[in-house]
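>>> This is a predicted model, with the sequence first.
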Amino acid sequence: MKGLIIVHNDNEDLEVVGTRDLLVRAGFDMTMATFGETLDVRLAYGTKIKIDSFMSGLNRKEYDFVVIPGGKFVKNTVDDDHEIKDLVTEFYQEGKLVAAICAGPRFLGQAGLLDNKRFTAFTGTQSDMPKGYYHPDEKAVTDKNIITARGAGAVHDFAYEITYYLKGEHHAKALLKSILY
């Protein structure tokens, strides 16, 4: 199975690198992609990484799911964004998994994807999801083909939920066992 993780400058380091790492360990083929202008990215706490591809160079139909990390990037772009909102809407409408962590669910909320759905997110960002059911004490929440997680401290739970949803409980438990969680 192939997954996209959308990455830009000022995304939360752990939510990008940790989520990608855990999903690769779980056997997913992960591609880091950007709508930005460069493949060289500096994450929120200074980690420098090279992104695999520009979104314009990818065939979205080849991917089974998409992951949207949070961080300062979201705060700085979400209100004017259309690319990420269009991407998550497309995946959602095709019945593909859409996963977002920390402030990343704000894109889903503004796209209307969390209306009448259970979700969690970084405290304070739930204002973009006024018609959803916010669960601030849950680390990760699955509602149909949407998985949300609370923040960097929930990366393991987030990757577990994604793996559980796509590959089942056996694979999800094996992932956590492999890292001595």
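Everything's here; your move. Numbers count the residues shown, from 1 in each chain.
>>> List the buried residues of the one helix or strand in the chain whose mean pLDDT sits lowest.
One helix or strand of the chain scores below all others by mean pLDDT, DSSP states H and E: helix 72-77, with a mean of 95. By 16 or more other CB atoms under 10 Å, the buried positions in helix 72-77 come out as Lys72, Phe73, Val74, Thr77. Just so you know, the C-beta spots here come from the backbone N, C-alpha and C atoms, and that holds for glycine as well.
>>> And for stretch 131-151?
132, 134-135, 138-143, 145-151.
>>> which ones among those residues are found in strands?
Tyr134, Ala140, Val141, Thr142, Asp143, Ile146, Ile147, Thr148, Ala149 (DSSP state E).
>>> quick check, nearest of those residues to Lys173?
Ala140 (14.8 Å; CB to CB).
>>> Now for the closest one: which residues touch it?
Listed by CB atoms under 8 Å, 6 or more residues apart in numbering, the contact set of Ala140 reads Thr120, Ile147, Thr148, Ala149, Arg150, Ala154, Asp157, Phe158, Tyr160, Glu161.
>>> That one and Gly27, how far apart?
Noted for Ala140: a distance of 19 Å to Gly27, by CB to CB, to the nearest Å.
>>> cool, and Asp21?
With CB to CB as the criterion, Asp21 and Gly27 are 13 Å apart.
>>> Mind giving me the packing neighbours of the helix or strand where Met30 lies?
Assigned by DSSP states H and E, Met30 belongs to strand 29-34. Other elements packing on strand 29-34 under the criterion 3 or more CB pairs under 8 Å, 6 or more residues apart in numbering; DSSP states H and E are strand 2-6, helix 13-25, strand 53-54.
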